[in-house]
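Q: make a model of this:
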Amino acid sequence: MGIYNRYIDDVTKIGRSTMVLGFLASLLPALIMTFYFGFNPGLAAIIAGAISQASVSGAFYFSEPISYYPIVGRAGLYMGFLSGNLVNMRIPAAISAQEASECPAGTEEGSIMGTIGIGVSIWIGIVFLILSVLAGQALLSQLPPSFMALLTLVIPGLFGGVFAQFAIKSPKVAVFALAVSFTMTKLVNFIPGKPAFLITLVSVFSSILFAKKLMEKRVG
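A: Model prediction:
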């Protein structure tokens, strides 16, 4: 067994353990409220809330691991899903690390560099989170409203930057993905309940299939 395979085996063992601990930690406040303080909305309300949440984000359980795995690898997925902010912080950090090291995504080296980028972003995020908790509100209250309005553009800017990095490498797939996502945002409005998760589900998997077809044509 190679070094990388041993590394992945260790990552899997640690990753599964930390994910279980994270799962239990996320349930801990609700369990304390239920069994210690006696506050509980009832089983019917819990099931209704779970179904409602699953209908909104259920597609991400399938699309995100598949679409992000080639970029960050197994370790990056464990770290990203446990720490959160995968799309708006971890993925850009992983891509930046791969670009700086010239280790392309989808390779063992690229996976390791993506993991390092995510790890650095997590530590930086912790530092800035502590600073924001201690002094963030006092600082933000002194900023002009025009600057606060600009902060709403940070997430679209990150998404656009990540998309542009991949669009340069495969313009045809980028145009196809844009066309499908735009079409789906319009079609969803005509579906009962407006299931927004279909936009991500259809866009991701149709783009993967389109890219696969392009690669087959080039090879053939």
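Q: pLDDT weak spots in this protein?
A: Applying pLDDT under 70 to the chain picks out residues 1, 55-56, 136-137, 140, 220.
Q: quick one, domains of it?
A: Residue ranges for the domains of the chain, per the TED database: 1-142, 144-219.
Q: columns mean neighbour count on top of those, output as a markdown table?
A: In this view, the C-beta of every residue, glycine as well, is placed from N, C-alpha and C. As requested, the domains of the chain are arranged in a markdown table below (neighbours: other CB atoms under 10 Å):
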| stretch | mean neighbour count |
| --- | --- |
| domain 1-142 | 15 |
| domain 144-219 | 13 |
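Q: next helix or strand past the biggest helix by length in the chain?
A: Counting residues, the longest helix in the chain under DSSP state H turns out to be helix 3-35. Downstream of helix 3-35, the next assigned helix or strand under DSSP states H and E is helix 43-57.
Q: put the alpha carbons of that following helix into CSV.
A: Once non-C-alpha atoms are left out, helix 43-57 reads as follows in CSV (Å, rounded to 0.1, in the frame of the first residue of the first chain):
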residue,chain,number,x,y,z
LEU,A,43,-42.8,14.7,17.4
ALA,A,44,-45.1,15.9,14.6
ALA,A,45,-43.5,19.3,14.5
ILE,A,46,-40.0,17.8,14.4
ILE,A,47,-40.9,15.4,11.5
ALA,A,48,-42.6,18.3,9.7
GLY,A,49,-39.5,20.5,10.1
ALA,A,50,-37.2,17.7,9.0
ILE,A,51,-39.2,17.0,5.9
SER,A,52,-39.3,20.8,5.1
GLN,A,53,-35.5,21.1,5.5
ALA,A,54,-34.9,18.0,3.5
SER,A,55,-37.0,19.3,0.6
VAL,A,56,-34.9,22.4,0.5
SER,A,57,-31.4,21.0,1.0
